[in-house]
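Participant: predicted coordinates and the sequence they were generated for:
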Amino acid sequence: MKNIGIPKGMRDFSPSVMARRNYIFNTIRKSFELHGFEQIETPAMENRETLTGKYGEEGDRLIFNVMQRGDKLIDEILWLKELDTDTDKLTKENFNPAVKSSIIENFSDGALRYDLTVPFARYVVQHQNEITFPFRRFQIQPVWRADRPQKGRYREFYQCDADIIGTDSLLNEVELIKIFDEVLSELGMQDFTIKLNNRKVLSGIAEVIGRPEKIVDITVAIDKLEKIGQAKVEEELSEKGLTEIEINKIKPLFQLKGDSKLVISILKEYLEGSKVGQEGLVEVEEILQTLQAIPLQKAKLEIDVTLARGLDYYTGAIFEVVSNEVKMGSICGGGRYADLTGIFGLKDMSGVGISFGADRIYDVMEELGLFPESLSQSTQLFFVNFGAKEQAYVLPLLQQAREAGISAELYPEAAKMKKQMKYANQKNIPYVVMVGESEMQSGELTFKKMQSGEQEKLSFAEILKQLKG
RNA sequence: GUGGUUGUAGCUCAGUUGGUUAGAGCGCCUGAUUGUGGUUCAGGAGGUCGUCGGUUCGAACCCGAUCUUCCACCCCA
C-alpha cells in the first residue's frame, strides 16, 4: 500500500460511525425545528477579513488561512522579495515577526470557517432585507481550527448552532437552556451541568477590583481554580500584573460554590459598587426565575462566575455544558452578543445562540455506551442473483419491496452462492430471498431468516407482509 | 505555539546485547461444499519494519531530522 493518509486532526467516517453521527445530528435537528428554527448553510471558506480579529489573539492563530491562487500568489511572493532583499541570509531566528504576519495577510485572501456564529452575523447583515426578525436560524456544518489534536479535539469538527437574532429578550436564553437539556437528555446523558455566567458580572468583578482592563486575564485565571488550585491562580494573577491588594479583593470569589441563590446573594453584595455587575446579576436572576416554570429533565444548572468562554464577542449570558460522567472539555457552548453584526455595518441587532459540539458529544456517548444497538442496520432484504433469467424475474420484486418502504438490494452479478451469502451476512442483512429455476416455476420463493438460519417457501406477497408486520 | 509519546501484515500486537529467510492472533483469498452465510478442517496470499539520512562488516533494534498517533499545557466544541 502506498503511503497515503489524510491531514493531521482530520478523520474519515465509516458507515457504522456515520449511523451514530446521524443519530446525534437528527436528534439535534429535530429539537431545533421543534423550537421554530430554520436551517441555513454558509460556505466553508470566508473572506479572511471576515474572520480575523473576531476570536482574540489565540483564535486568530488557529484560523486556517487559504492561500491565494495562481498569479496573485506569484505577485505576493515577488513583493516579499522586495521587502527583504537578502533572502539568502534569512533564518528562523532573525525572521521579522512583522513580515510573518504580513506574509499571512498577503498570501492568503480566504480562511476556513472557525465557528458558525461569525459567518452567521455576516449572513444576517448581507441578507437583512430578506429576513424577518427576530430570526431563529440553525446551522449544522463543520468548522476548522489549526489546533494540536488531543482528546476530544479535532482540526475538523461539527458544530450545531441555534441562534435568535433581533431581540434582547431573556426568554431566548431560557429557551436555549431548555434545548441543551432536551437534546442531551434525549441522547441518554444522565448527568451533565449547564454552566451559566454573564459577561456583565465579569465586567463588574473587574470593576470592583479596580482593573476593568484586566477582565480577560482575571477571568481566565479564576477559570482554572478547580484545575490548579487557589495558590496557582493567585500566582498567575500576580504574573499578569495584579497587586496583592487587588488579588485579595478577588479572593472572596474562590468560595463561590453551590446553591444558585446563595451565590447570587454573595455576588449582590460583592458587586454593590458596580452598575454593570448589578445589571448582569439581574439578568441571571431573571433567567433562573423564568426557568422555574419549565423544569429541566437531566441537566443541572449552575451559576459559575469562573466561566470565561468566548469572551471576545459575548456581552451578556455565557453558557457552557460539561458532562459529569466523562472527562472531556465542554461539549456545548454559547452566549449573547449584543453587537456582533455591528462590525459588519448593522447596528442594534442583539443575538444569542448555542452550539452543540457533535464530535465531543459522540466521544462522550461512545464512552458511556449510549448509542442504540439498532442504528447500524442497512439493507433489510437481499436477493441472491442466480443469472440473467432469474435477475429479470426478480427486478420487479425488488422494485415492489422498495415501493413498500423496505430497503432491498439485488446482488449485481451471478457470483457463487457462497460469496453472495457471505456478503449478506457481513452486511448484517436480516432477510434473504432466493429465486432460482424451481422458484420461478412455482412462484414460491425461498425466504431465509439469517439470524436463525431457518428458511421457508413463501409467495412474494407473503414475504412483504412479514417484513412490514 | 510549548513539553512528552507512538509508528512492525488489512486490524491488534510479539520481535533476544545489533547477527541467517521478521513472527502470532484476528481478518482476507481458495478448497472441503456446482443452491446456502455465521461454526469446523486443509491450504494460500499479504511487510521498503512511517520516511529520509547517519553510525556499523551487518540496523526493525543505536543516533539525527521529518511526518504521523496519542496525551498534557495554552486555548477551546
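Facilitator: Looks like it arrived, so ask away.
Participant: if I look at the residue in the stretch 151-300 of chain A that RNA strand B sits nearest to, how far off is residue A:367?
Facilitator: Using C-beta to the nearest atom of the strand, the point where the stretch 151-300 of chain A gets nearest to RNA strand B is residue A:151, with a distance of 2.9 Å. C-betas here are computed from N, CA, C, even on glycine. Taking C-beta to C-beta, to the nearest Å as the measure, residue A:151 and residue A:367 are separated by 11 Å.
Participant: between these two, which one's more packed in?
Facilitator: Taking other C-beta atoms under 10 Å, residue A:151 and residue A:367 do not tie; residue A:367 has more neighbours (13 against 9).
Participant: what helix or strand is that one on?
Facilitator: helix A:358-368 (DSSP states H and E).
Participant: hmm, stretch A:114-125 in reach of RNA strand B?
Facilitator: Yes - using C-beta under 7 Å from any atom of the strand, we find that stretch A:114-125 touches RNA strand B at residue A:115.
Participant: contact partners of that stretch?
Facilitator: Applying C-beta atoms under 8 Å, 6 or more residues apart in numbering, the external contacts of stretch A:114-125 come out as A:40, A:42-43, A:46, A:50-51, A:54-55, A:59, A:62-64, A:113, A:131, A:135, A:137, A:139, A:141, A:143-145, A:159, A:161, A:163, A:165, A:313, A:337, A:340-341, A:343-346, A:349, A:351, A:353, A:355.
Participant: can you give me the buried ones in that stretch?
Facilitator: Of all the residues in stretch A:114-125, those buried under the rule 16 or more other C-beta atoms under 10 Å are A:114-125.
Participant: cool, stretch A:218-236 as well?
Facilitator: For stretch A:218-236, by 16+ other C-beta under 10 Å, it's A:218-223, A:225, A:233-234, A:236.
Participant: centre of the chain versus the helix or strand that contains residue A:177, how much separation?
Facilitator: If you go by DSSP H and E, residue A:177 is part of helix A:171-186. Put simply, helix A:171-186 sits 15 Å off its chain's centre (C-alpha atoms, centre = their mean, to the nearest Å).
Participant: other SSEs contacting it?
Facilitator: helix A:15-34, strand A:156-165, strand A:192-198, helix A:275-291, strand A:299-303, strand A:317-323, strand A:332-337, strand A:351-357 (3 or more C-beta pairs under 8 Å, 6 or more residues apart in numbering; DSSP states H and E).
Participant: can you tell me which residues in the stretch 351-469 of chain A are near RNA strand B?
Facilitator: Taking C-beta under 7 Å from any atom of the strand as the contact definition, the stretch 351-469 of chain A meets RNA strand B at A:355, A:357, A:359-360, A:416-419, A:421-422, A:424-426, A:434, A:436-439, A:446, A:448, A:450-453, A:455.
Participant: which of those residues are buried, as a ChimeraX select command?
Facilitator: Buried residues within these, as defined by 16+ other C-beta under 10 Å, are selected in ChimeraX through the command that follows:
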select /A:355,357,359,360,421,424,434,436,439,446,448,450
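Participant: let's see which of the residues of the stretch 351-469 of chain A next to RNA strand B end up in strands.
Facilitator: Assigned to strands by DSSP state E, the following of these qualify: A:355, A:357, A:434, A:446, A:448, A:455.
Participant: what's the distance between the fifth one and residue A:456?
Facilitator: In other words, residue A:448. With the distance defined as C-beta to C-beta, residue A:448 ends up 8 Å from residue A:456.
Participant: kindly report the same for the first one.
Facilitator: When distance is defined by C-beta to C-beta, residue A:355 is 53 Å away from residue A:456.
Participant: same deal with residue A:432?
Facilitator: When C-beta to C-beta is applied, the distance between residue A:432 and residue A:456 equals 12 Å.
Participant: which neighbours do these two share?
Facilitator: In contact with both residue A:432 and residue A:456: residue A:447, using C-beta under 8 Å, 6+ apart.
Participant: when those two are compared, which one has more neighbours?
Facilitator: Neighbours per residue (other C-beta under 10 Å) separate residue A:432 from residue A:456, with residue A:432 holding more: 19 against 13.
Participant: pretty sure the more buried one sits in a helix.
Facilitator: No - with DSSP: H, G, I helix; E, B strand; the rest coil as the criterion, residue A:432 is located in strand rather than a helix.
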